[in-house]
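Student: whatever this is, show me its structure:
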Amino acid sequence: MAKFIHLHNHSHYSLLDAICTIEGLVNAAKEHSMPALALTDHGVMYGAMEFYNKAQKAGIKPILGCEVYIVTKGSRFEKGKAEDSADTVLGKDKNGKTIGKLSNRKSNYDHLVLLAKDFEGYKNLVKLCSIGHTEGFYYKPRIDSEILKQYSNGLVCLSACAGGVVSSHIVRGDLDSARESAEIYKDIFGTEDFYLEMQNHGMEIEAKVRKHVPKLAKELGLKTIATNDIHYIKYEHHIPHNLYLYINTDLSKDKEGKNLETDLRYETDQVYFKSAEEMCEIFKDFPEAINSTLEVAEKCNLELPKGVYHMPDFPIPPESGAETLDDYFRLLAHSGLKEKIKNVTSAETERLNLELDVITKMKFSGYFLIVADFVKHAKNSGIYVGPGRGSAAGSLVCYALGITNVNPLEYNLLFERFLNPERVSMPDIDIDFQDDKRDDVIEYSRKKYGANSVSQIVTFNRLKTKAVLKDVGRVLNYPFDTINEITKHVPSVFGKIKSLTDCYKEIPEFKQYFDQAKERKKLLDYAVVLENLNKNVSMHASGVVIAPSDISDYVPVAKAPQSDNQYMTQYDMKMLEEAGLIKMDFLGLKELKILQQAADLIEQRHGIKINLDTLPLNDEKTYEIFSGGNTIGIFQFSKPKMREYLAKLKPKDINDLAAMNALYRPGPMDLIPEFIERKHGKKEVSYLHPDMEQVLKETYGIIVYQEQVMQLVRVIAGYSLAKADLVRRAMGKKDEKLMREQEEEFVKGAAEKGYNKKIAKEIFKLILKFADYGFNKSHSVAYSVLAYYTAYLKTHYPLEFMTAQLNCRYEDTDEMVLLINECKRMKISLSLPDINECFPSFAIDTNTENRILFGLSAIKNVGRTAVENIVKERDKHGKFENFVDFISRVDGKVVNKKTLEALIYAGAFDCFDKNRKKFYDNYEAAVHRYSTKKAESKGQSSLFDSGKKHQVKDVIFSKLGENYRDWSDREKLSLEKSVLGLYVSAHPLSDYENEINRLNPFKFSDIQDTDTEEIDFSKLQRVRMCGIITDMKVKMSKKGNRFAVFTLEDFTGQGECVVFPKTYEQFRDILVDDNIVTVIGKAEENANSVKLIADEIKPLVKTASNDKNPQKVIIKINSKEFEPSKLYEIKSLLHGNDGESAVVIYLKNGSKESRMELENVKIHFDKYTEKVLTEIFGKDNIILQ
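Tutor: All right, here's what the predicted structure looks like:
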């Protein structure tokens, strides 16, 4: 029989406060034979549904609760500070040191624990938790006693910890207020359901509470209850828990003078999951308090309904004649299919009816109608919607309703992959909208179903494997380069990273590395405890939930981070389905915005209205773009390696594109060369059994899609497609026991169909091998259709397409560099910003063929309002005649000093005079002199009011003359880049193009436009890159050594370069902004990008075109005089300096002399090389032949 039940427990859903996982809590309860357990996170119910499910599965009674923040006296709407704001010492240790205090609080709240007895109590708890966020949020989500009374039914109330509604007054010595507070909650819950809580973590303040609470309980006829404020599972977790508390803090302030492994922020190491025996021991003087835990657990018997879906009502139009929702649903589907397909075949009708039967039987008609409705609204509003996404593209119903634009029968797509009649679960339809209009569609849904009935969804950001090592290392004050070195030892397989525990168990090199050093092992041990815990929450990028009434009638809602008026569900997507709410994904896709803008430009220039849904999907010229690998700017097909594969594949239809799209991901990517060779007949296509050909013929015998796994199981073993989908899902779980069972059943089914058992086993193993790699064909086809749309517009309307690309990508410098280089390849030029020619956005030049005008709004520090004012004035009164004319006409309130400087740097006034420094040096004087009287009268010291065009005599710039000193070309380019984000008029490396081509360095485009999981970093241990240094920063390491971080930029992109202290000291004279250098080092993964760790850096020296390199460079070395330290400089010179001159070394050792010609080493001999060699060996020891 149970002796004690824990009722006050926090999980990692109490963000950066507790480190218990739900599994950890449930397993601990099971280990200690506790039949029930509560979850009471701070102010939230994020983990409630997960806890309920996992506890039930483990045979533990789940008690759902919350430790709320409550305003006992006053209102949740008040935002002021607490009346009693003085710090109160909670206790002192034996040495007199303070071990806790109640400090100045941001708001007048106390803690209170609420537990749900039944479903009514759960609903009330959900409502209270939501109201704390929607009405009472002020630093914390707060409720008050007034709203608590309204929603108190079905709840048990505990008075909480030392910061609770009663104990906090006792701690301050105010027993009258403690009694008054207790009476308030006694009135709300009665003596049956209100308990005075006591805790014992060895703290003095708690002893004070335990002294007075039993007396108070007796006076008021209440019971006491014992709890442990659980924040971690095991005693030894108190150190990693302490580190966890500091992860999101400013360490320079919060941990000053502290040892975070001994100085605990909670001032106790006792908030762990104690056994019943431990709890009985520390509360041996309070047996009633122990027994009360059993009493409360007995009261709490919550049963949550399962398999109940809460669908919003969808209005049936009276004119439809439909009597039920299912009737209307069928009516729309059949009429929609006839609109899509002129002559509907019997096969199509049969497929449609099959899907309709499944959907109506599963009671999801309303779901499909809701989705179809907001998609229709988007399209009618001119908002671009994608042709499909995910498995929904496999549904003919979705096609008929206009939700997707892919006919699944044309591509052999499976409905069962989308909605399985043998596995009842919510349908999942994801919709892509152009990203700038996504919120408009959500707003439409809010208006239709009610603002409080539509909500976005929470997502949890966790301490992933590498991140937790970095965070713990930072908190422990490990040097940056040490942390960086440690994280490099975490392996990645096909872009997936195993847990630290698995790495330590399964990878000998990993284990050895951490076991070799005590500090490293300590870091690992702490990180293992914290790995995958929640760090913070954010709003899901696409998830939206729609309920029949207020969301908080069903699930708790929370205030969204960094938002005053946006709310999100506290349950994530998976748990929302458990709660029976329907979820949709409203995704914003930039490519659709690009297509929309391009289509608008096409209509403006050519009078042609583009309808993506009716574009021919067999246009030969469009496929030439793919076959040529010219797919920069093409959705899903723009990455370097993909372009290389496309040029070899020579795709001819959507099926080819879909297969390449599916294969181009970690794992199956290795199959692409084989796929290409089989397509072109260079390799034989073979099958384990001839019957497999009907499934795998389109992919040349290679299993590419998940749907092919399902079809093979059906063909060979006779499964229904629905059952085949269950097998596919099972294969992904990697459960060996389950796989053995599946194999036996598969072989049995195959044998019944007449297949040889040995062959059947081989087929199963083949299917199992590829099941994990297989991709969703429906998604691949739909996205390939979208890619085709972008390629079609690029092919037939290149100017419009590239203009739209630039308008939508100008904030992404790396993308802009790629796009501008692509424009050059396409013979499209890009103008500099021009105050008299350009518009707010990038625009097609109507006066010059194949030319795009730079968008003025893309200039940094030039706001849209300023640009619109400039263009409006230009349209109204004509072009600006000179700089003074410009200044006298624009509105100085918007075209201010920063704006003017940015326009000067960008070259926007080059149309008046290409001497930019002249404008920069004198614009303030011009502004002051030519300000209008109207602006001066309003006290405007900057610029002036616009008005009628009037002639203004230039008495400043006209006197400066033509010989006024301008910035150098390099300075101009540097300033230009500072406001444009990239070089437009020229590139600083242009003069060095021959030298760079000769060195054949690695380019940023080789890696910057590629997902990091696709890069084999083992092959990038020594790379050479050429570029210009920008954004140079010298920093100080924690050991007091200087190191550098800068941006290296080449023709194709840019990336971060790190120079550690030893290398910095050697090359620091070269490390200056705007220096053009060659960097030799190793490429490393850096979050989602790549950075370069520099080993050697040297200037890139321009060689005169008529310079001739010697055939041989002879170096004489006297071993007695030679300093070994110079070897590094020789190595630096020889590597990364490829050229035409052979290197011969004559080594003199006493009377002996030996000759050695360095094989496979030829260097470029220029002035820099000559200077370095002369410094090392002396002028007389360098001979040229």
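Student: so how many other residues sit close to Glu743?
Tutor: For Glu743, the count of nearby residues is 16 (other Cβ atoms under 10 Å). The C-beta positions use only the backbone N, C-alpha and C, and glycine is treated the same way.
Student: for Asn536, grab phi and psi.
Tutor: Main-chain torsions, Asn536, degrees, to the nearest 10: phi -160, psi 180.
Student: skipping adjacent residues, who's closest to Val209 in space?
Tutor: Nearest residue to Val209 in three dimensions, chain neighbours excluded: Ser167, at 4.6 Å (Cβ to Cβ, 6 or more residues apart in numbering).
Student: got it, and Gly1053?
Tutor: Counting by Cβ to Cβ, 6+ apart, Gly1053 lies nearest to Phe1004, which is 3.4 Å off, once chain neighbours are set aside.
Student: in what helix or strand does the closest residue to Pro479 other than its chain neighbours lie?
Tutor: Closest residue to Pro479 apart from its sequence neighbours, by Cβ to Cβ, 6+ apart: Lys1038 at 5.0 Å. Lys1038 belongs to no helix or strand when assigned by DSSP states H and E.
Student: check contacts around Lys1038.
Tutor: By Cβ atoms under 8 Å, 6 or more residues apart in numbering, the residues touching Lys1038 are Asn477, Pro479, Phe480.
Student: repeat for Met739
Tutor: By Cβ under 8 Å, 6+ apart, Met739 lies in contact with Ala730, Met731, Leu768.
Student: show me where the stretch 551-700 of the chain has helices.
Tutor: Ranges of helices in the stretch 551-700 of the chain, per DSSP state H, counting those that start in this stretch, are 573-578, 590-606, 620-627, 640-649, 654-663, 672-679, 693-696.
Student: nearest to Phe314, of those helices?
Tutor: helix 573-578 (19.2 Å; Cβ to Cβ).
Student: same for that closest one, what does it pack against?
Tutor: Packing partners of helix 573-578 (3 or more Cβ pairs under 8 Å, 6 or more residues apart in numbering; DSSP states H and E): helix 48-57, strand 454-462, strand 534-546, strand 582-589.
Student: what's the domain layout of this structure?
Tutor: 22-231+266-299, 610-791, 810-979, 990-1099, 1112-1184 (automatic domain parsing).
Student: columns mean pLDDT and distance to Gln570 on top of those domains, output as JSON lines?
Tutor: Formatted as JSON lines, the domains of the chain follow (pLDDT from 0 to 100; distance: least, Cβ to Cβ, whole Å):
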{"stretch": "domain 22-231+266-299", "mean pLDDT": "89", "distance to Gln570": "5"}
{"stretch": "domain 610-791", "mean pLDDT": "92", "distance to Gln570": "28"}
{"stretch": "domain 810-979", "mean pLDDT": "86", "distance to Gln570": "33"}
{"stretch": "domain 990-1099", "mean pLDDT": "81", "distance to Gln570": "28"}
{"stretch": "domain 1112-1184", "mean pLDDT": "72", "distance to Gln570": "56"}
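Student: burial count for Gly121?
Tutor: Count around Gly121 with other Cβ under 10 Å applied: 25.
Student: state the distance from the nearest residue to it once chain neighbours are set aside to Lys893.
Tutor: Distance criterion Cβ to Cβ, 6+ apart; nearest residue to Gly121, sequence neighbours excluded, is Gly154 at 2.6 Å. According to Cβ to Cβ, to the nearest Å, Gly154 stands 60 Å off from Lys893.
Student: do Ser152 as well
Tutor: According to Cβ to Cβ, Ser152 and Lys893 sit 57 Å apart.
Student: quick one, which of these two is more surrounded?
Tutor: Neighbour count, other Cβ under 10 Å: between Ser152 and Lys893, Ser152 has more, with 20 against 17.
Student: re earlier: with distance to Arg916 and mean neighbour count added, can I get the helices and strands packed on helix 573-578 in CSV?
Tutor: Output for the helices and strands packed on helix 573-578, formatted as CSV (distance: least, Cβ to Cβ, whole Å; neighbours: other Cβ atoms under 10 Å):
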stretch, distance to Arg916, mean neighbour count
helix 48-57, 61, 21
strand 454-462, 45, 20
strand 534-546, 42, 19
strand 582-589, 39, 20
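Student: among the ones you listed, which comes closest to Cys503?
Tutor: Taking Cβ to Cβ, strand 454-462 is the member of these nearest to Cys503, at 17.0 Å.
Student: count the residues that sit near Lys959.
Tutor: Each residue near Lys959 was counted by other Cβ under 10 Å, and the total is 8.
Student: mind checking how far it is from Asn915?
Tutor: Distance from Lys959 to Asn915, counting by Cβ to Cβ: 14 Å.
Student: ditto for Arg179
Tutor: As defined by Cβ to Cβ, Arg179 lies at a distance of 83 Å from Asn915.
Student: what of Lys496?
Tutor: Taken as Cβ to Cβ, the span from Lys496 to Asn915 is 57 Å.
Student: same thing with Ala178?
Tutor: For Ala178, the distance to Asn915 - Cβ to Cβ - is 79 Å.
Student: likewise Met203?
Tutor: Counting by Cβ to Cβ, the gap from Met203 to Asn915 is 74 Å.
Student: rewinding a little: quick one, which of Lys496 and Asn915 is more surrounded?
Tutor: Each of Lys496 and Asn915 has its neighbours counted (other Cβ under 10 Å); Asn915 has more, 19 against 10.
Student: chain neighbours aside, what residue packs nearest to that one?
Tutor: In space, Asn915 comes closest to Asp966 once its chain neighbours are excluded; the distance is 4.5 Å by Cβ to Cβ, 6+ apart.
Student: contact partners for that neighbour?
Tutor: Counting by Cβ under 8 Å, 6+ apart, Asp966 has contacts Lys914, Asn915, Arg916, Lys917, Lys918, Lys972.
Student: how does it look with 7 Å?
Tutor: The contact partners of Asp966, by Cβ atoms under 7 Å, 6 or more residues apart in numbering, come to Asn915, Arg916, Lys917, Lys918.
Student: taking these together, which two end up most distant?
Tutor: Arg916 and Lys918 (7.1 Å).
Student: mind checking the SS state of Pro833?
Tutor: Secondary structure, DSSP: H, G, I helix; E, B strand; the rest coil: Pro833 is coil.
Student: list phi and psi for it.
Tutor: Dihedral angles (degrees, to the nearest 10) for Pro833: phi -60, psi 140.
Student: isn't it up against Ala906?
Tutor: Yes: if you go by Cβ atoms under 7 Å, Pro833 and Ala906 touch, sitting 4.5 Å apart.
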